[in-house]
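S.K.: Next comes the sequence, and after it the predicted model I'd like to discuss.
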Amino acid sequence: ASEIKRSIEVSSPSKIKRSLAMERTIKPTRAKRFKAYLLSLIPFITWLPKYNLSTLQSDVIAGLTVGLMVVPQGLAYASIAGFKDVSYGLYASFMGPFIYIFFGTAKDITLGPTAILSMMTADASDQVDGYTLPSHAIVLTFLAGIWQLLLGLFRLGVVVDFISFPVISGFTSSAAITIGFGQVKHVLGLHGVRRPFLQCVYDTFKNIKETVYPDIGLGLVCFVLLFILETMKTKYSKGDRFVNKAAWLIGTARNAIIVVFAAVFTWAMIEHNHLQPCPKSEPTTGIVHNCTTIIGDLPVGFPHPPVQAPDFKLSDMKALLTGSIAIALIGYLESIAIAKSFARENNYKVEPSQELVAIGFANTVASFFHSYPITGSFSRTAVNSASGVATPLGGIITGVIVVMAIEFLTGAFKFIPQSALASIIIYSVVKMIHYKDVIKMWKVSKLDLIPFSVSFFGSLLAGIEIGVGIAVLTNLILVFYLVARPGHTLLKPTDGAHALWQKQTAQNARGLSLSDIRFGGSQNGHEGDQEDEALLVTAGMSPQTARAARPLKSLSVQSVKPADDGCSDVSERSGDNDDATARLLDGERQGQRDEETQCCESNYVPATFDAALLHALPPGVLMVRLAGLIYPTATHVQDLLLECNRESQCKLLLLECSRVKVIDFTGAQTMGEIVEEMKAVGCRVSFAGLTKPVQDMLSRAIDDFGGAACDSYPTLHEAVHAILPTQRVQVTAVGVAEPTTDISMDPTDSDLEGEVGTLNARLLSPYPPSPTMSDV
């Protein structure tokens with residue numbers, strides 16, 4: 001369509017009519033686009049007709065397995081959220097899986113409460129007597145769901161791409177430390193400890209002399225049991241025997257086993273008067289030996305009525321709005337990162353914007369069932385995937401288990417010790433501290449330690465909302481600086497265009513090669529104009545002539561053909577030079593339609609150099625020209641390459657990176673993942689046109705992923721020459737700029753054959769001008 005619009009500007013009225021008619025046939029109607037959009041909102045219609053007994057069996061097994069995890073996790077995460085009644089963790093665990101069945105695109109994802117969102121809920125809600133106000137948490141859920149739903153319906157999921165990997169790693173590590181240390185008070189049995197991190201640290205050490213021995217003893221025992229069960233799962237679960245499967249199941253359900261063990265042990269000790277429940281409201285005095293802190297009485301079943309709007313004041317809306325925006329973005333970021341990770345592992349595609357719709361709708365509906373904010377959980381999703389779930393329908397089984405626990409088991413939760421839940425939380429969040437990322441960033445890109453540090457310390461000291469906001473702003477400033485100052489590498493005029501000319505002559509090439517002139521930065525805007533001028537000055541022209549000659553950027557039409565194809569080259573075929581020029585210029589405007597004017601099937605004259613390469617590359621070779629590898633585009637590049645590989649099943653992926661002048665840690669990390677994922681499916685990755693800084697950073701990043709071997713070529717021409725050693729590429733230059741006295745090409749230079757991709761014409765020569773452009 002863009003080619004048609006461009007041709008309209010210089011076409012006759014009859015051509016305009018034909019072009020508009022062609023555009024109408026190419027573009028789908030508005031009704032069809034709207035229908036496709038509506039169908040994309042309900043993705044379950046794509047897999048539901050294929051549902052059978054085999055997939056049902058897989059979903060039931062996975063749903064039961066996840067259900068064993070979600071009940072104890074829900075109780076534990078409600079403790080992080082600061083609820084006095086931990087049943088709210090269960091209220092938040094059943095509606096999400098039900099809703100996700102209809103709107104989600106990832107079969108492995110399970111929605112529910114998570115540690116980070118639980119902490120953010122506690123920070124954004126008002127506290128009464130040290131406990132989170134449930135009505136505020138429910139309103140946060142509703143507002144966060146509305147934000148996510150709006151972003152998803154308008155397909156604006158791209159906004160989270162501006163939260164880079166260092167920022168994510170920083171606030172995740174900060175949240176893990178905050179959550180983990182916040183649970184130390186429950187392991188020690190302390191009371192009266194404030195929630196903010198610095199105050200929590202101060203109060204914990206101040207009151208440590210009031211430690212309750214039974215609580216710390218039971219907490220340490222739970223830690224040891226968790227470690228043993230996880231080790232058993234890792235070490236003994238590989239195999240098809242019954243013992244291996246039993247070991248995997250026991251290790252997966254370790255949280256539930258710990259909760260049941262601790263509850264039974266505490267109940268027995270209290271029944272036989274060896275222990276008594278510690279008071280919750282008043283702090284203990286001195287070291288207590290004969291009490292333990294338990295959850296206490298919980299309401300049996302759902303609140304009455306089960307569906308109701310929360311009771312809150314409109315004056316609190318301003319603070320809740322700010323918190324809901326942060327929760328909406330962080331919640332989506334958590335979920336989409338998990339979904340993409342398991343989609344790549346299990347070879348299916350996830351629609352990011354549709355995931356926003358699914359999470360937003362789940363939060364909106366769940367808020368009417370007393371839920372606090374939910375999103376995708378990594379631990380439960382990993383278990384869901386390992387259990388062999390086939391479709392999102394497994395969420396029904398998980399939701400039913402939670403509903404049954406709410407209705408029939410809440411009375412039995414009374415004797416669950418707080419120290420047991422705290423040990424489960426601490427054991428889980430320790431793995432979220434990404435200390436290895438700091439080492440990688442130090443090796444790959446030290447500059448990215450700045451947004452990481454801002455995110456880490458800002459979230460730790462001022463809260464996640466403020467910390468992430470400042471870190472994103474810091475990262476944007478760094479990116480803008482790198483784009484504005486990319487670091488040019490140019491040949492100086494004192495080095496001599498004559499020396500460059502002699503180099504080309506020594507290689508049996510007449511004229512300058514564009515592949516020998518490199519410059520950094522973007523290709524648009526004011527900076528691009530300066531680069532064009534520097535390029536032309538390097539070739540031996542004055543700046544005034546360079547400004548006049550700038551239209552020559554569009555110069556070059558390449559012809560690719562096999563060595564012995566029986567067809568004459570362009571100069572032999574063209575006959576009259578003016579006719580040949582007009583025909584090729586028309587092909588430049590109309591793209592692939594110049595195939596109609598080719599003389600035979602094998603002698604194809606494409607309009608662009610990219611088209612020429614694609615015509616020459618053999619099957620199994622995929623070439624992609626990358627335009628950037630910084631954090632807003634890195635994940636998009638990863639999705640694009642993996643999607644292309646799924647469609648073409650390539651054996652060699654050639655990444656042309658001459659336009660990639662800047663790369664950050666996110667881009668390097670993503671490229672390392674791409675190399676590993678391509679290697680896993682039997683596809684080798686090669687690079688062409690990497691600048692020295694980019695190549696060094698990529699090498700260090702790829703080494704961290706196991707050092708997968710990759711070929712790197714200085715230019716795209718050499719890469720293609722290595723891929724096609726038995727073919728020769730013939731390149732012909734045809735001027736598309738207005739002729740000037742300072743721009744000329746020598747028609748006597750008819751020997752245009754040379755190395756792959758070399759423009760063997762006398763282009764921008766410092767030597768005296770030859771006949772005008774029309775004589776070529």
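M.R.: All right, it came through fine.
S.K.: and the gap between V681 and R254?
M.R.: Look at V681 and R254: by Cβ to Cβ, to the nearest Å, they are 33 Å apart. The way it works is simple: take the backbone N, C-alpha and C, and place the C-beta from them, glycine included.
S.K.: Who has more neighbours out of these two?
M.R.: R254 (23 against 13; other Cβ atoms under 10 Å).
S.K.: Just to be sure, F205 is in a strand?
M.R.: No: counting by DSSP: H, G, I helix; E, B strand; the rest coil, F205 is located in no strand; its state is helix.
S.K.: how many neighbours does H274 have?
M.R.: H274: 11 surrounding residues under other Cβ under 10 Å.
S.K.: Got phi/psi on it?
M.R.: With angles defined as degrees, to the nearest 10, H274 sits at phi -80, psi -30.
S.K.: ok, for L117, nearest residue in space, not its chain neighbours?
M.R.: The shortest distance from L117 to any residue other than its chain neighbours is 4.8 Å, reached at P373 (Cβ to Cβ, 6 or more residues apart in numbering).
S.K.: Over to L421?
M.R.: Excluding its sequence neighbours, the residue lying closest to L421 (Cβ to Cβ, 6+ apart) is A76, at 4.4 Å.
S.K.: contacting residues for that neighbour?
M.R.: 89, 255, 421-422, 424-425 (Cβ atoms under 8 Å, 6 or more residues apart in numbering).
S.K.: Next, format the residues you listed as TSV and append distance to F197.
M.R.: Compiled in TSV, the contacts of A76 are given as follows (distance: Cβ to Cβ, whole Å):
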residue	distance to F197
G89	22
N255	25
L421	20
A422	16
I424	21
I425	16
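S.K.: any idea which of those is closest to Y435?
M.R.: Of all those, Y435 sits closest to I425, with 19.2 Å by Cβ to Cβ.
S.K.: residues touching A668, list them.
M.R.: A668 makes contacts with 444-445, 629, 697-698, 700-701, as judged by Cβ under 8 Å, 6+ apart.
S.K.: Now flag whichever of the contacts of A76 is closest to F227.
M.R.: Checking the contacts of A76 against F227 by Cβ to Cβ gives I424 as the nearest, at 12.0 Å.
S.K.: returning to what we had before: does the residue nearest to L117 touch M120 like I think?
M.R.: Yes: with contacts counted by Cβ atoms under 8 Å, P373 reaches M120, the gap being 7.4 Å.
S.K.: between these two, what contacts are shared?
M.R.: Shared contacts of P373 and M120 (Cβ under 8 Å, 6+ apart): I327.
S.K.: Out of those two, name the residue with the larger neighbour count.
M.R.: P373 (33 against 27).
S.K.: Three-state assignment for the more buried one, please.
M.R.: coil.
S.K.: Kindly state the pLDDT recorded for it?
M.R.: pLDDT for P373: 97.
S.K.: can you pull out the helices in the stretch 551-700 of the chain?
M.R.: For the stretch 551-700 of the chain, the helices defined by DSSP state H, counting those that start in this stretch cover 570-574, 577-590, 609-616, 631-648, 665-680, 692-704.
S.K.: Pull the fifth one out as CSV, backbone CA atoms only.
M.R.: Below are the C-alpha coordinates for helix 665-680, written out as CSV (Å, rounded to 0.1, in the frame of the first residue of the first chain):
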residue,chain,number,x,y,z
PHE,A,665,22.3,-5.4,28.6
THR,A,666,18.7,-6.2,27.7
GLY,A,667,19.6,-6.5,24.0
ALA,A,668,22.7,-8.6,24.7
GLN,A,669,20.8,-10.9,27.1
THR,A,670,18.0,-11.3,24.6
MET,A,671,20.4,-12.1,21.8
GLY,A,672,22.1,-14.7,24.0
GLU,A,673,18.7,-16.3,24.6
ILE,A,674,18.0,-16.3,20.8
VAL,A,675,21.3,-18.0,20.1
GLU,A,676,20.6,-20.7,22.7
GLU,A,677,17.0,-21.2,21.5
MET,A,678,18.0,-21.5,17.9
LYS,A,679,20.8,-23.9,18.8
ALA,A,680,18.3,-26.1,20.6
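S.K.: and the direction of that helix versus that of helix 692-704, what angle?
M.R.: With axes from the mean of the first three to the mean of the last three Cα atoms, to 10 degrees defining the directions, helix 665-680 sits at 50 degrees from helix 692-704.
S.K.: Now do the buried residues in helix 665-680.
M.R.: Across helix 665-680, burial judged by 16 or more other Cβ atoms under 10 Å covers 665-675, 677-679.
S.K.: Am I right that R155 is in a strand?
M.R.: No: remark: R155 does not belong to a strand; assigned using three-state DSSP, it is coil.
S.K.: Now it: closest residue in space, sequence neighbours ignored.
M.R.: In space, R155 comes closest to S353 once its chain neighbours are excluded; the distance is 4.2 Å by Cβ to Cβ, 6+ apart.
S.K.: Run a quick neighbour tally on the one you found.
M.R.: S353 has 18 nearby residues by other Cβ under 10 Å.
S.K.: Flag the shaky bits of the stretch 551-700 of the chain, pLDDT-wise.
M.R.: Under the criterion of pLDDT under 70, the regions of the stretch 551-700 of the chain flagged as low confidence span 551-617, 631-632.
S.K.: let's see 80
M.R.: 551-620, 627-649, 661 (pLDDT under 80).
S.K.: ditto for the stretch 1-150 of the chain
M.R.: For the stretch 1-150 of the chain (pLDDT under 80), the answer is 1-29.
S.K.: Understood, closing this out.
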